[in-house]
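K.L.:
fold the following, please.
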Amino acid sequence: MAGHVPLPGSERPRQRDAERIAELSPDERVELTVTLRGPPLPEPAATEPLTGEALAREHGADPETIAEVTRVLEALGLSVGQASALTRSLKVSGTVAQIEAAFQPGLARYRNAEQGEFRGREGGLQIPAELDGLITGVFGLDERRVARRRHRVIPTHGAGGLLPPDAAILPQGAAVSARPLSPAQLAAHYNFPPGDGAGRTVAIAEFGGGYFAADLSAFCAKQGTAVPTVTPIGVHGTPVLTLAQIEQLPQQQRTQQLEDSVEVNMDVQILAGLAPGSDLLVYFSSFDEQGWVELLNEVIASTPACAVSLSVSWGLAEDDPDWSQGALQAIDERLQAAAALGITVCAAAGDDGSADQESDGRAHVDFPASSPHVLAVGGTMLDGQTDVTWWQSPGERTSSGGGATGGGVSVVFPRPSWQDVSVTSLNPGSIDGRVTPDIAALAGPPFYDLIFMGQDAANGGTSAATPTWAALIALMAGNVERPWKPGFLAPMLYATATATATATATAIGAGGRSVGAVGCVDVTSGDNTSSTLGRGYQAGPGFDAVSGWGVPNGVALLAALTA
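P.N.:
Predicted coordinates:
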């Protein structure tokens with residue numbers, strides 16, 4: 001062996017609220033995901049969707065790279081399992097002692113209030129010199145949480161931390177006199193095209209919680225719709241939990257899993273209500289960096305790659321120190337691969353306004369919504385029948401309520417060429433970064449009519465707006481009269497609409513020159529100022545950084561995309 005060299009992008013500080021409490025046993029086994037170099041991925045805005053075979057052949061890791069990395073790691077005593085040219089990944093395992101010799105991570109046991117005890121590290125990684133330029137990331141060493149739900153935390157009461165049978169989960173700050181919207185009311189409000197998404201598949205990303213089939217059955221019975229086919233999938237050994245299993249967990253874990261389950265079942269029910277003919281694939285993964293990489297690997301490698309959309313209602317500020325730069329790159333590459341396959345990844349813009357849960361006096365946007373390879377989804381609320389920017393005091397989530405749509409200008413990702421809009425960052429001297437969101441949908445009052453643990457449980461957030469758009473994509477792709485050929489939707493919204501599309505849109509009450517302006521209803525009122533920051537982005541005529549092009553006019557959008 002010729003020594004070690006630093007792995008660029010692998011640096012991580014100690015988690016801010018964590019303490020190092022113990023060394024790890026040298027014999028403890030750890031499973032890793034090693035990511036590999038590959039040719040530049042196609043920019044999906046300029047290409048027709050590729051097949052998985054074509055993506056692997058033209059843009060995957062080459063066999064020589066896989067063979068060389070395998071040879072070096074096995075010489076160090078590590079076990080190399082599944083190799084994927086398509087996802088540019090190797091599954092690797094070994095003891096802590098072997099991993100320390102290979103990557104020098106300085107692993108230890110840490111503890112914080114949110115997770116309890118977890119495996120972690122500090123600083124950068126070192127890799128064998130022979131692998132310099134061949135390996136782009138090593139994930140699975142650090143289990144700190146980098147996936148958080150994009151909606152408020154629910155209260156838990158009663159014995160053992162479970163909700164009592166008569167608890168109704170109405171979002172804090174909601175106008176209790178306003179009745180939450182049913183799927184039929186929501187579809188009518190947004191002029192969704194006819195159909196039920198039959199023959200289409202929608203994927204859902206989850207990083208905690210469980211799927212409660214009984215709640216979905218009760219929800220569909222209440223709404224008068226068929227129960228769709230739902231396939232829960234555990235990623236990289238992640239269990240798919242039932243309510244009965246969650247009830248047996250220790251109290252802190254039980255409470256956390258129940259709160260995360262609100263997200264899971266909200267996502268499933270919104271999609272089931274709006275596109276009941278679609279097949280739903282619910283991917284459960286761990287909430288660390290490896291979990292993100294492995295979940296996207298599963299979606300990309302799905303055979304056939306049939307999902308028209310992937311709904312992601314989880315995230316973290318893109319420049320939060322808990323992210324490593326290597327993870328942002330690895331996740332974004334997989335989002336780009338998904339877009340190249342024609343999968344529109346819909347990502348929630350966040351529920352904490354312009355600060356996005358950070359307190360450094362600067363504006364922040366959420367990742368993965370800030371990736372140029374996703375459709376970023378913001379939130380609105382209703383003022384009568386009119387959508388306005390979602391903002392409830394104090395413009396971010398607190399223990400006593402509140403929330404506001406995320407949105408703003410990225411400090412990590414440059415503005416893609418297809419996003420030809422004029423929005424200036426609130427951060428002095430910042431780059432002209434990717435602007436989020438691209439579009440929006442209902443997130444605040446009067447919320448969504450849902451069921452949780454057998455009880456009516458209205459809820460919302462941008463995590464509810466996101467599956468709403470994922471469902472619309474399935475409806476457009478499955479439309480009988482004029483189906484839309486699935487592709488990465490985001491750049492299409494910024495293209496100039498045809499004269500035919502504009503004329504059609506004008507006839508049904510829409511307007512504007514871009515596809516987004518033609519296919520959306522402009523949101524012109526409100527802002528996303530968070531109390532932590534004291535300033536935010538403002539809605540106004542045309543595209544803005546709190547609602548994008550606006551909320552969907554589904555019929556007009558389908559007409560614009562198929563003109």
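K.L.:
for this protein, which helix is longest?
P.N.:
Ordering each helix of the chain by length in residues (DSSP state H) puts helix 251-274 first.
K.L.:
can you name every helix or strand that that helix contacts?
P.N.:
Packing partners of helix 251-274 (3 or more C-beta pairs under 8 Å, 6 or more residues apart in numbering; DSSP states H and E): strand 148-149, helix 183-189, strand 201-206, helix 213-223, helix 243-247, strand 279-284, strand 451-452, helix 462-477. Any C-beta I mention is one placed from the backbone N, CA and C, and that applies to glycine too.
K.L.:
who are the packing partners of whichever helix or strand comes after the longest one?
P.N.:
Next helix or strand after helix 462-477 toward the C-terminus (DSSP states H and E): helix 489-493. Other elements packing on helix 489-493 under the criterion 3+ C-beta pairs under 8 Å, 6+ apart are strand 375-383, helix 515-519.
K.L.:
as CSV, the ones you listed with distance to Gln98, mean neighbour count and mean pLDDT would be great.
P.N.:
Below are these laid out as CSV (distance: least, C-beta to C-beta, whole Å; neighbours: other C-beta atoms under 10 Å; pLDDT from 0 to 100):
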stretch, distance to Gln98, mean neighbour count, mean pLDDT
strand 375-383, 41, 28, 97
helix 515-519, 51, 27, 95
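K.L.:
would you turn these into TSV with distance to Gly542?
P.N.:
Below are the helices and strands packed on helix 489-493 laid out as TSV (distance: least, C-beta to C-beta, whole Å):
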stretch	distance to Gly542
strand 375-383	15
helix 515-519	7
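K.L.:
what's the most buried one of the helices and strands packed on helix 251-274?
P.N.:
Burial of the helices and strands packed on helix 251-274 is given as mean neighbour count (mean count of other C-beta atoms under 10 Å); helix 462-477 ranks first at a mean of 30.
K.L.:
check the offset of it from the chain's centre.
P.N.:
Relative to its chain's centre, helix 462-477 lies at 13 Å (C-alpha atoms, centre = their mean, to the nearest Å).
K.L.:
keeping just the C-alphas, turn that helix into CSV.
P.N.:
Only the C-alpha atoms of helix 462-477 are listed here, as CSV (Å, rounded to 0.1, in the frame of the first residue of the first chain):
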residue,chain,number,x,y,z
THR,A,462,-45.0,21.8,2.5
SER,A,463,-44.8,18.0,3.1
ALA,A,464,-48.5,17.9,2.1
ALA,A,465,-48.0,20.2,-0.9
THR,A,466,-45.3,17.9,-2.2
PRO,A,467,-47.4,14.7,-2.7
THR,A,468,-50.1,16.9,-4.1
TRP,A,469,-47.8,17.8,-7.0
ALA,A,470,-46.5,14.2,-7.2
ALA,A,471,-50.2,13.1,-7.7
LEU,A,472,-50.8,15.7,-10.4
ILE,A,473,-47.8,14.4,-12.3
ALA,A,474,-49.3,10.9,-12.2
LEU,A,475,-52.7,12.2,-13.4
MET,A,476,-51.1,14.1,-16.3
ALA,A,477,-49.0,11.1,-17.3
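K.L.:
could you say what helices and strands it packs with?
P.N.:
When contacts are defined as 3+ C-beta pairs under 8 Å, 6+ apart, helix 462-477 sits against strand 201-206, helix 251-274, strand 307-312, strand 344-348, strand 375-383, strand 439-442, helix 554-562.
K.L.:
residue ranges with poor pLDDT in the stretch 451-563 of the chain?
P.N.:
Filtered on pLDDT under 70, the stretch 451-563 of the chain yields the residue ranges 499-512.
K.L.:
no wait, the stretch 101-250 of the chain
P.N.:
In the stretch 101-250 of the chain (pLDDT under 70), the answer is 150-177.
K.L.:
what angle do the longest helix of the chain and strand 307-312 make?
P.N.:
140 degrees (axes from the mean of the first three to the mean of the last three C-alpha atoms, to 10 degrees).
K.L.:
on that earlier part again, now for the helices and strands packed on helix 462-477, which one comes closest to Gln245?
P.N.:
Gln245 lies closest to helix 251-274 among the helices and strands packed on helix 462-477, at 8.8 Å (C-beta to C-beta).
K.L.:
so who does the closest residue to Ser84 other than its chain neighbours touch?
P.N.:
Among residues not flanking Ser84 along the chain, Ala301 sits closest, at 6.4 Å (C-beta to C-beta, 6 or more residues apart in numbering). Shown in contact with Ala301 (C-beta atoms under 8 Å, 6 or more residues apart in numbering): Gly52, Ser84, Leu86, Thr87.
K.L.:
ok, now Asp522?
P.N.:
Gly512, Pro541, Gly542, Ser547, Trp549, Gly550.
K.L.:
the same query, at a cut-off of 10 Å, please.
P.N.:
By C-beta atoms under 10 Å, 6 or more residues apart in numbering, the contact set of Asp522 is 387, 510-512, 516, 539-544, 547-551.
K.L.:
just the ones of the residues you listed in helices?
P.N.:
In helices, defined here by DSSP H, the members of the contacts of Asp522 are Gly516.
K.L.:
among the contacts of Asp522, who's most crowded?
P.N.:
Most neighbours among the contacts of Asp522, by other C-beta atoms under 10 Å: Ser547, with 34 neighbours.
K.L.:
my guess is that one contacts Gly379. True?
P.N.:
Yes - counting by C-beta atoms under 10 Å, Gly379 is a contact partner of Ser547 at 8.3 Å.
K.L.:
does Phe287 lie in a helix or a strand, and which?
P.N.:
For Phe287, there is no host helix or strand (DSSP H and E).
K.L.:
next, count neighbours for it.
P.N.:
The number of residues packed around Phe287, counting by other C-beta under 10 Å, is 22.
K.L.:
tabulate the helices and strands packed on helix 251-274 (TSV), appending distance to Glu74.
P.N.:
Formatted as TSV, the helices and strands packed on helix 251-274 follow (distance: least, C-beta to C-beta, whole Å):
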stretch	distance to Glu74
strand 148-149	37
helix 183-189	53
strand 201-206	32
helix 213-223	43
helix 243-247	37
strand 279-284	30
strand 451-452	48
helix 462-477	41
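K.L.:
who's in contact with Phe207?
P.N.:
145-149, 235, 238, 260, 263-264, 283-288, 291-292, 295, 312-315.
K.L.:
and for Pro467?
P.N.:
202, 204, 266-275, 280, 309, 311-313, 346, 348, 377, 441, 448 are the contacts of Pro467 under C-beta under 10 Å, 6+ apart.
K.L.:
what sits in contact with each of Ser547 and Gly379?
P.N.:
Ala349, Asp387, Thr389, Trp390, Thr405, Gly407, Pro437, Ala440, Ala441, Asn528.
K.L.:
burial count for the third one?
P.N.:
Think Thr389. Using other C-beta under 10 Å as the criterion, Thr389 is surrounded by 30 other residues.
K.L.:
wait, isn't it in contact with Gly406?
P.N.:
No - taking contacts as C-beta under 10 Å, Thr389 lies outside contact range of Gly406: 11.2 Å.
K.L.:
which neighbours do those two share?
P.N.:
Overlap of the contact sets of Thr389 and Gly406 (by C-beta under 10 Å, 6+ apart) consists of Gly353, Gly378, Gly379, Ala443, Asn528, Tyr537, Val546.
K.L.:
and the residues you listed as a markdown table, adding distance to Thr136?
P.N.:
Shown next, in a markdown table, are those (distance: C-beta to C-beta, whole Å):
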| residue | distance to Thr136 |
| --- | --- |
| Gly353 | 34 |
| Gly378 | 31 |
| Gly379 | 34 |
| Ala443 | 35 |
| Asn528 | 34 |
| Tyr537 | 34 |
| Val546 | 34 |
